[in-house]
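**Student:** pasting a predicted model and its sequence here:
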Amino acid sequence: MDASKHCAEIMNTNLPANSPVPLSAYVKHSLELYFAQLSDHDAVNLHAMVICEVEKPLLEAAMFHSGHNQTKAAKVLGLSRSTLRKKLENYGIS
């Protein structure tokens with residue numbers, strides 16, 4: 001089965017086959033799984049947790065995509081180069 005069709009079925013989106021699944025659909029699906037695993041426990045600091053879980057791989061992907069050029073990665077991300085450098089340092093990404 002085509003990956004985008006499979007993801008669309010899992011996430012209950014009405015996308016035609018071979019169309020890209022929006023990132024928000026993956027996030028929504030992951031959060032639904034997270035809440036299902038909580039059972040009777042309360043979610044705490046969910047916003048901070050999601051940002052931490054998403055930001056590091058986002059920075060890594062942008063750096064890879066830009067050939068590890070911080071100026072290009074900053075432009076892709078819509079950040080200043082100095083902000084990108086601080087974030088890379090905080091996450092231990094070189």
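**Tutor:** That came through, no problem.

**Student:** now the residue of the chain most remote from its centre: which helix or strand?
**Tutor:** Centroid-distance maximum for the chain: residue 40 at 26.6 Å, with C-alpha atoms, centre = their mean. In the assignment (DSSP states H and E), residue 40 maps to no helix and no strand.

**Student:** show me where pLDDT drops low in the protein?
**Tutor:** 1-16 (pLDDT under 70).

**Student:** quick one: distance of the helix ranked longest in it to the chain centre.
**Tutor:** Looking across the chain with DSSP state H, the single longest helix is helix 46-65. Taking the mean of its C-alpha atoms, helix 46-65 sits 6 Å from the chain's own mean (C-alpha atoms, centre = their mean, to the nearest Å).

**Student:** now do the domain split for the protein, please.
**Tutor:** For the chain, automatic domain parsing gives the domain ranges 1-39, 44-94.

**Student:** dump these into TSV; add mean neighbour count as well.
**Tutor:** (Each C-beta comes from the backbone N, C-alpha and C, glycine too.) Output for those, formatted as TSV (neighbours: other C-beta atoms under 10 Å):
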stretch	mean neighbour count
domain 1-39	12
domain 44-94	13
